[in-house]
Every structure is written in C-alpha cells, then in structure tokens.
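# Sharing a model prediction with you, sequence too.
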Amino acid sequence: MDRDSQVSPADPARERIRAAGLRATAARIAVLRELIAGASPLSHAEVAEKLASTGFDRVTVYRNLMELADAGIANRVDFGDHTWRFEVTIAGSKEHVSDHPHFVCVDCGEVSCLPGVSVSVTDPKETKSSGVGQITEVLLKGHCGNCT
C-alpha cells in the first residue's frame, strides 16, 4: 500500500491540488496540509522539519512548495530576510487565506499573521500621485512581545 492510497478521497488538500491540475501525490498533500495548519507563513526549513518523520526529504518538500506556489495554491513571500515563506491562498485566486498584514520581529525574526488588523494607505489630495500602484503585501516590523 503506497502513501498516496492512505489519504481519504474527500481530503480538502487532495481536492485543492487536483483542482489546480496537479497530481495529488502524498508529498504534495502533506506539504499543503502543513501550510493549511500553519498559523503564519512557513519557511521551507519549517515545513521540512515538520515532515521529517514522514520520510520526505528537504528537496522533495522544496520542490512541492514551489509547485504549489506556481499553481496558485500557495503564496510565496519574502519579508526582507531573504527567506521565502509560504502560506495557503484563497481557492481560485492568488490572494492569501485572508487579506491581512504580517508582523516580523526585528530581534528574533518571528513572523506573525495579523488577521484582525486593517491598514489603509491613501494618497494625500494636495500632492501629485505618490506613484504607489496596487499594494499586494503589508509588512509591519517591530519588537514582538517576547523581545521587548
């Protein structure tokens, strides 16, 4: 019995992968489940560590993260520390699970989602356009509660 046959056919992760036109392999399903379960965007290293006991190596995890991002199932973001992090997108779009900003601690590097926070950016009416086009990501930096 292979690992793929141990997954329920009604699994939402499996259905999401198939809907994107990808094969629902055991590795893709496991990686997507970790992204769905994540409270914040996860790095490749974090996903690989969580899946180490399942037998999936780091290269397999990375390849699957990239394939999920290319298929629009996951969003790949860099919060300025040169580490790609991944989070699930809304089904059928390139948007996050919810439209929310992220917080990065400048001391420890911890990344947090801020789903209850709304950020509004407006052009001042008395000046020419600021040149800001469509904002696709809002990142707040500061000191987290553990580092203050």
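Noted; the coordinates are in hand.
# Tell me where the model's unsure across the chain.
The chain contains residues with pLDDT under 70 at 1-10, 90-99, 123-136.
# As a check, name the ranges of all strands in it.
Taking DSSP state E, the strands of the chain run over residues 42-43, 74-78, 84-88, 102-105, 111-113, 139-142.
# The first one pairs with which strands, and in what direction?
The pairing partners recorded for strand 42-43 under DSSP bridges are strand 84-88 (antiparallel).
# before we move on, the earlier item: now the strands of the chain in a markdown table, with distance to residue 19 and mean neighbour count?
From N, CA and C alone the C-beta is placed, and that goes for glycine too. Listed next are those as a markdown table, based on distance: least, C-beta to C-beta, whole Å; neighbours: other C-beta atoms under 10 Å:
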| stretch | distance to residue 19 | mean neighbour count |
| --- | --- | --- |
| strand 42-43 | 22 | 20 |
| strand 74-78 | 14 | 19 |
| strand 84-88 | 13 | 22 |
| strand 102-105 | 26 | 19 |
| strand 111-113 | 24 | 19 |
| strand 139-142 | 30 | 12 |
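# For residue 22, find the nearest of those strands.
Smallest distance to residue 22 across the strands of the chain (C-beta to C-beta): 11.6 Å, for strand 74-78.
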